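Chemist: Okay, structure incoming, though there's no sequence with it:
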Ligand code: PMP
């Protein structure tokens, strides 16, 4: 009997039960080889096949064009904050960054160590409750790239449009929104995402980079951080996190079985609608984000009186609704409803919210 509860954690986040069961079933003896996938050489035919299948499935899911490399790297999305300027910004060069929240600003801070960063647009003017339209941005023609974060995991702010940057490559931190709905990869120079939300377990960051952007790393870039080196070595310049890669592959297969990203989008749309409708219809709960800019994956909400936070969380836990506490910088609540969080979890949360409001509203 499974005792798995509903997990609304922002990351490491819920994984599909079917995937965990499959990993469990083949943990000790992977496909009759007499050992687990974790115990195999990353250079064995068996593991290379697993790695290649994972890449192919991700390519299929996202319709990644042939002129893009897919890299499975380490160091999380945070390492990309440095790796991107080291690879794409020439010495003494500059890049444009859009600031829509905490993760954008972390990227800005790190990039500033390597060159000049122009904050071309900022949600600051809207207290980070709305995304400034591109007509409010000041992009520079000579930027090495434009960086933005399509979904701010902490603030719960998401772009429902893709910036148009002409010849300047667009770089997107999709850590908390990748695979939540289809995107047109060809509009991006580079996409990257830490795995521990919609891709798989932590320990892996996926980079999807247009080929012409590889091979531009500055001379001082560490070998391990040079995208061209990673690409040339099929992401195996050194030992990759093999188990995380394998498990991510199982998630990609699971997403394909669900019917691909169009179906995933419909499911996620229904989930987000159910939760925002409940928040908006209530007297007790509020979400401050401009309606058009609301995140589908990370939904922060506050209770009218923060003295109710503790009893709300305690009651949620009693009902098997876990990890609803908001980020420490924001307070309140946050429900992260990634792909592996089913509609039933959202329904249970909405029912509990109504019940709690009846008692305390
Ligand atoms: N960017 C975004 C949008 C994130 O949500 C996170 C993690 N929550 C990060 C970057 C940092 O990821 P990591 O912990 O993999 O470095």
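Modeler: Cool, the structure landed. It should be emphasised that the depicted structure is a prediction, and the values quoted were computed from it without experimental measurement.
Chemist: Make sure residue 197 is actually in contact with residue 295.
Modeler: No. Residue 197 is beyond contact range of residue 295, at 11.8 Å (criterion: Cβ atoms under 8 Å). C-betas here are computed from N, CA, C, even on glycine.
Chemist: tell me, what's touching the two both at once?
Modeler: Common neighbours of residue 197 and residue 295, using Cβ atoms under 8 Å, 6 or more residues apart in numbering, are 153, 176.
Chemist: tell me which parts of the stretch 101-250 of the chain are close to the ligand?
Modeler: Proximity of the stretch 101-250 of the chain to the ligand is confined to 103, 149, 153, 173, 175-176, 194 under the rule Cβ under 6 Å from any ligand atom.
Chemist: out of those residues, which are buried?
Modeler: Buried members of those, counted by 16 or more other Cβ atoms under 10 Å: 103, 149, 153, 173, 175-176, 194.
Chemist: which ones among these are found in helices?
Modeler: Residues of those located in helices (DSSP state H): residue 103.
Chemist: Farthest pair within the buried ones among the residues of the stretch 101-250 of the chain next to the ligand?
Modeler: Pairwise distances across these peak at 11.8 Å for 149 and 194 (criterion: Cβ to Cβ).
Chemist: any shared contact partners between the two?
Modeler: Common neighbours of residue 149 and residue 194, using Cβ under 8 Å, 6+ apart, are residue 175.
Chemist: Distance from stretch 10-19 to the middle of the chain?
Modeler: Between the centre of stretch 10-19 and the centre of its host chain there is 13 Å, according to Cα atoms, centre = their mean, to the nearest Å.
Chemist: just stretch 278-289 next, same as before
Modeler: Put simply, stretch 278-289 sits 25 Å off its chain's centre (Cα atoms, centre = their mean).
Chemist: how close does residue 148 sit to residue 292?
Modeler: 16 Å (Cβ to Cβ, to the nearest Å).
Chemist: got a list of what whichever residue of the stretch 251-361 of the chain sits closest to the ligand touches?
Modeler: In the stretch 251-361 of the chain, the residue that lies nearest the ligand is residue 298 (8.1 Å; Cβ to the nearest ligand atom). For residue 298, the contact set (Cβ under 8 Å, 6+ apart) comprises 10, 151-154, 156, 176, 334-337.
Chemist: Which of those fall within strands?
Modeler: 151-152, 334-336 (DSSP state E).
Chemist: Let me know the closest of those to residue 138.
Modeler: residue 152 (20.6 Å).
Chemist: so that closest one sits right up against residue 104, yeah?
Modeler: Yes. Counting by Cβ under 8 Å, residue 104 is a contact partner of residue 152 at 6.8 Å.
Chemist: higher neighbour count, those two?
Modeler: residue 152 (29 against 24; other Cβ atoms under 10 Å).
Chemist: Identify the spatial nearest neighbour of the more buried one, chain neighbours not counted.
Modeler: Spatial nearest neighbour of residue 152, chain neighbours left out: residue 101 (3.4 Å); criterion: Cβ to Cβ, 6 or more residues apart in numbering.
Chemist: Could I get the full set of helices for the stretch 251-361 of the chain?
Modeler: 261-281, 309-318, 343-360 (DSSP state H, counting those that start in this stretch).
Chemist: go on, the stretch 101-250 of the chain?
Modeler: 102-111, 227-232, 242-258.
Chemist: need the contact list for residue 267.
Modeler: Taking Cβ under 8 Å, 6+ apart as the test, what residue 267 contacts is 258, 339, 343.
Chemist: ugh, wrong one, I meant residue 339
Modeler: Counting by Cβ under 8 Å, 6+ apart, residue 339 touches 16, 179-180, 198, 255, 264, 267-268.
Chemist: any chance of those in TSV, plus pLDDT?
Modeler: Output for the contacts of residue 339, formatted as TSV (pLDDT from 0 to 100):
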residue	pLDDT
16	97
179	98
180	98
198	98
255	98
264	98
267	98
268	98
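Chemist: of the residues you listed, buried ones?
Modeler: Burial by neighbour count, 16+ other Cβ under 10 Å: within those this picks out 16, 179-180, 198, 255, 264, 267-268.
Chemist: Setting aside sequence neighbours, what's the nearest residue to whichever residue of the stretch 1-150 of the chain sits closest to the ligand?
Modeler: Residue nearest to the ligand within the stretch 1-150 of the chain: residue 76 (2.7 Å; Cβ to the nearest ligand atom). Leaving aside its sequence neighbours, residue 76 sits nearest to residue 194 (Cβ to Cβ, 6+ apart; 4.9 Å).
Chemist: Let's verify residue 47: helix, strand, or coil?
Modeler: What DSSP: H, G, I helix; E, B strand; the rest coil gives for residue 47 is helix.
Chemist: Please consider this matter closed, and thank you.
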